[in-house]
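Participant: Structure, please.
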Amino acid sequence: MPLQIRRGTSADVTSASFVPLLGEPLYLTDNQKLYIGDGSTQGGNAIGGAEDLKDLTSVTLIDESVGALDLYSVTSNTVLITLSVGQSAYYVGLQVVISNSSVAALNGTHTITSIPTSSQFTFTLTTADVTSASVTGVVTPKIPNGNVLAWNETNSYWENAEALSDVVSDTTPQLGGNLDTNNKTIISAGTNNIEFDPATGQNVILKGNATDGSGRIKLNCEANSHGVVLKGPPHSAAATYTLTLPNALPTVTGQSLTSDTSGNLSFSTVSGGGVATRSSANATTASIADGADADMTITGAKSYMLMSIQTSAAAWVTVYTSTAARTSDASRTSNTDPLPGSGVIAEVITGAATTQKITPGLLGFNDEATPTSDIYLKVENQSGSAAAITVTLSLLVLES
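Facilitator: Next up, the predicted model:
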């Protein structure tokens, strides 16, 4: 049998001028608080909140009868129970046990479906209807396995609360300390990504340490047996800078990733101190009518040796040193030679999709005020119908 302590209501204490003995516990059923006597204070001293219980090392909870039946009624198998005293700790979904009832059909475990008033609750009766009447008996709330005590600041009492069984149940989790993965892996299920979303102006930081040096990230192979490590510069370099990747992939095979002094990366053709490298570059016009022309820019090199021009259909192709030279040459016809120094590097007229070799090779270069790797062309469609013309240049890169 569980130990029951002296209990009653606040009115009982007042009417009897009751003073608990030193150390004697007293439980008041109307405000659901526990008091401890000091031998002189009427009603004893209330036990407060968590601060009063902080030194407890072991607490065992038992079911306690906290409600006495007064009245009941039944409508369509829904039972309305009225208690002799209000119990504000009851809530919808709580399981309660009715025992020692003068109406046997009410005895058993029930789940509360509504709380009409603080002294009433309803549940569904699975047995035959019973007649509305006064009734005796007690109600004992069930404490579900694994639940915890939570302090109700509004009503100043401890109440039953559902414990979190996993992180999913906490929709706004925050760490109170460092998270140790304990040699485990953070994974995502299905097709979900693992995302990091730092606050505005902040970064995802991979820290370094005195043993391994600066921060690093390792990209493993699919078998996770080996990988490539990207590592930051050492502390002695006092390095603080940002590298920004290019907006798109390179347009020419063999280009290298280079940076300006602000850390903006781009793809460019780099010629070494030894043998120059052959490469190809191309671009395609929009669909243009037969006899019409279109301007085209191909990313190649600042200076180069032009070895061949390939067209995907019959076309007149002219290569220029600058956009200004191309503009000045716009009105020239195909049967008129360009003037010396006009900025025309080369031109070919093809009768079909073909490659025209340039022999001997021609030196080409970008003649803008600030040289770039852009090569400027004009393409006239001579295929006999509308077409999109692709032009491919074969180059020996001399200056990137």
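
Participant: What strands line up against the host helix or strand of V391, and which way round?
Facilitator: Counting by DSSP states H and E, the element that carries V391 is strand 390-399. Using DSSP bridges, strand 390-399 pairs in its sheet with strand 277-284 (antiparallel), strand 303-311 (antiparallel).

Participant: what's downstream of the shortest one, the next helix or strand?
Facilitator: Note on strand 277-284: by DSSP H and E, the next helix or strand toward the C-terminus is strand 293-299.

Participant: Packing partners of that next one?
Facilitator: strand 277-284, strand 374-381, strand 390-399 (3 or more C-beta pairs under 8 Å, 6 or more residues apart in numbering; DSSP states H and E). From N, CA and C alone the C-beta is placed, and that goes for glycine too.

Participant: Distance from that strand to the middle of the chain?
Facilitator: 43 Å (C-alpha atoms, centre = their mean, to the nearest Å).

Participant: quick one: contacts of that strand?
Facilitator: Here strand 293-299 makes contact (C-beta atoms under 8 Å, 6 or more residues apart in numbering) with 251-252, 281-283, 285-286, 288, 316, 326, 373-381, 389, 391, 393.

Participant: With stretch 211-220 instead?
Facilitator: 205-208, 226-235.

Participant: Report the buried residues of that stretch.
Facilitator: Within stretch 211-220, not a single residue qualifies as buried, counting by 16 or more other C-beta atoms under 10 Å.

Participant: Just the CA trace of that stretch, in PDB.
Facilitator: Provided in PDB are the C-alpha atoms of stretch 211-220 (Å, rounded to 0.1, in the frame of the first residue of the first chain):
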ATOM      1  CA  THR A 211      48.100  19.400 -34.000                       C
ATOM      2  CA  ASP A 212      46.600  19.300 -37.500                       C
ATOM      3  CA  GLY A 213      47.200  22.900 -38.500                       C
ATOM      4  CA  SER A 214      44.700  25.100 -40.400                       C
ATOM      5  CA  GLY A 215      41.100  24.100 -41.100                       C
ATOM      6  CA  ARG A 216      40.500  21.600 -43.800                       C
ATOM      7  CA  ILE A 217      37.800  19.600 -45.700                       C
ATOM      8  CA  LYS A 218      38.300  16.100 -47.100                       C
ATOM      9  CA  LEU A 219      36.400  14.900 -50.200                       C
ATOM     10  CA  ASN A 220      36.300  11.100 -50.100                       C
END
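
Participant: and that stretch, what's its mean pLDDT?
Facilitator: Here stretch 211-220 scores 94 as its mean pLDDT.

Participant: Spit out the contact partners of S101.
Facilitator: Taking C-beta under 8 Å, 6+ apart, one finds 69, 107, 135-137 in contact with S101.

Participant: wait, isn't F123 in contact with I115?
Facilitator: No - in this structure F123 lies outside contact range of I115 using C-beta atoms under 8 Å: 11.0 Å.

Participant: So I217 lies in a strand, does it not?
Facilitator: Yes - counting by DSSP: H, G, I helix; E, B strand; the rest coil, one finds I217 located in a strand.

Participant: which residues does it form a beta bridge with?
Facilitator: Listed beta-bridge partners, I217: L230 (assigned using DSSP bridges).

Participant: Pull up the distance across stretch 182-196, start to finish.
Facilitator: In stretch 182-196, first residue to last residue: 21 Å (C-alpha to C-alpha, to the nearest Å).

Participant: Quick one: neighbours of the closest residue to N77 other than its chain neighbours, just the number.
Facilitator: Once flanking residues are discounted, N77 sits nearest to L125: 5.0 Å by C-beta to C-beta, 6 or more residues apart in numbering. L125 has 18 neighbouring residues, counting by other C-beta atoms under 10 Å.

Participant: ok now do L125, which residues does it touch?
Facilitator: Counting by C-beta under 8 Å, 6+ apart, L125 makes contact with 74, 77-79, 105-106.
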